[in-house]
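1. The amino acid sequence is not available; the structure is as follows:
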């Protein structure tokens, strides 16, 4: 869902608001119209394909298999004292 964006709106003021904030000016509760506060910052979006997801999935699995085996062996070797 794209919205129209204009760089000259980046002045930090709301359209239609009073510039000087003189007496009797109503303060708006809207955030400033900046890219950060309006969440319009550029972001990295990965392209997820089977060729990238499956190898990553199996590599993570291969990393955690020895950890799981180590935990299983350690828990089976625990002796209780009474």
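-> Yep, that arrived. The structure presented is a predicted model; accordingly, all values stated were derived computationally and were not measured.
2. Distance of residue 57 relative to residue 50?
-> Residue 57 is 10 Å from residue 50, where distance means CB to CB, to the nearest Å. The C-beta positions use only the backbone N, C-alpha and C, and glycine is treated the same way.
3. do the same with residue 76
-> Distance, residue 76 to residue 50, using CB to CB: 37 Å.
4. swap in residue 74?
-> Going from residue 74 to residue 50 by CB to CB gives 36 Å.
5. do the same with residue 65
-> Counting by CB to CB - residue 65 and residue 50 are separated by 22 Å.
6. what about these two, which has more around it?
-> residue 65 (10 against 7; other CB atoms under 10 Å).
7. and the more buried one, helix, strand or coil?
-> The three-state label given to residue 65 by DSSP: H, G, I helix; E, B strand; the rest coil is helix.
8. just residue 79 next, same as before
-> Of the three states, residue 79 takes coil according to three-state DSSP.
9. Who are the contact partners of it?
-> By CB atoms under 8 Å, 6 or more residues apart in numbering, no residues touch residue 79.
10. And the pLDDT for it?
-> For residue 79, the pLDDT comes out at 90.
11. Neighbours of residue 72, how many?
-> Residue 72: 10 surrounding residues under other CB under 10 Å.
12. and the gap between it and residue 41?
-> According to CB to CB, residue 72 and residue 41 sit 45 Å apart.
13. Ok, residue 52 next?
-> With distances taken as CB to CB, residue 52 is found 24 Å from residue 41.
14. Who has more neighbours out of those two?
-> residue 52 (11 against 8).
15. Let me know the pLDDT of the more buried one.
-> 94.
16. That one: what's it in contact with?
-> Neighbouring residues of residue 52 by CB under 8 Å, 6+ apart: residue 46.
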